[in-house]
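J.: how would this look folded up:
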Amino acid sequence: MDKDILKQYIDACEAVKETEEQIRQLRKNRKTVVVDAVKGSMRDFPFAAKSFKVAGIAHSVLENPGQLDREELILEERKAAAAQIKSQVEAWLNTIPVRMQRIIRYRDFEGLTWRQVAMKMGRKATEEGVRKEYQRFFDEN
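T.: Model (predicted):
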């Protein structure tokens, strides 16, 4: 596993969240009922005002009902691909030393500076020491 997959992990996590939101929105649109009110009066005397409520399904939903199903399927496939990358990285992380897991999480996933990583690592860790440890780990693997 290399550093590039770690960057993909962050994007994969965000893609899963965004795709879930898009799927929710698509399902909401499928159930969208449009409501409107129409006012008028009778043609003959007495000119009494009348009001009517009109409700129905949005035209875009009726126009091509299979389109929503296809879009949802595509979004589900995108979500599955992103979830697979996320799962692969998490499985790989479990195979490396815990100290390196922490460094990777702080640096790559949380986006902390080397100084902040060293402070979080504690036990007299230095900015340069943590950076070199990270670099050596990826040079070896």
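J.: so the nearest residue in space to Ile85 that is not next to it in sequence is in which element?
T.: The shortest distance from Ile85 to any non-neighbouring residue, by C-beta to C-beta, 6 or more residues apart in numbering, is to Ala12 (4.1 Å). C-beta here means a position set from N, CA and C on the backbone, and glycine is covered the same way. Secondary structure from DSSP states H and E places Ala12 in helix 3-30.
J.: which regions of this structure lie under the pLDDT threshold?
T.: 1-3, 30-33, 57-65 (pLDDT under 70).
J.: OK, contacts around the nearest residue to Ala83 once chain neighbours are set aside?
T.: Closest residue in space to Ala83, ignoring its immediate chain neighbours: Val16 at 5.6 Å, by C-beta to C-beta, 6+ apart. With contact set as C-beta atoms under 8 Å, 6 or more residues apart in numbering, Val16 has these partners: Lys79, Ala82, Ala83, Lys86.
J.: and which of those is nearest to Arg136?
T.: Lys86 (26.1 Å; C-beta to C-beta).
J.: burial of the closest one, as a residue count?
T.: Applying other C-beta atoms under 10 Å, we find 18 residues neighbouring Lys86.
J.: who's in contact with it?
T.: Tyr9, Ala12, Cys13, Val16.
J.: Go through these and give me the one with the most neighbours.
T.: Counting by other C-beta under 10 Å, top hit in the contacts of Lys86: Tyr9 with 23 neighbours.
J.: show me what contacts it?
T.: Tyr9 neighbours (C-beta under 8 Å, 6+ apart): Ile85, Lys86, Val89, Glu90, Asp108, Phe109.
J.: what's the nearest residue to the fifth one if we skip its chain neighbours?
T.: Using C-beta to C-beta, 6+ apart and skipping residues adjacent in sequence, the residue nearest Asp108 is Leu6, 4.5 Å away.
J.: The one you found contacts Trp92, doesn't it?
T.: No. The criterion here is C-beta atoms under 8 Å, and Leu6 misses it with Trp92 at 9.3 Å.
J.: can you pull out the strands in the chain?
T.: 33-41, 49-57 (DSSP state E).
J.: This completes my enquiry, with thanks.
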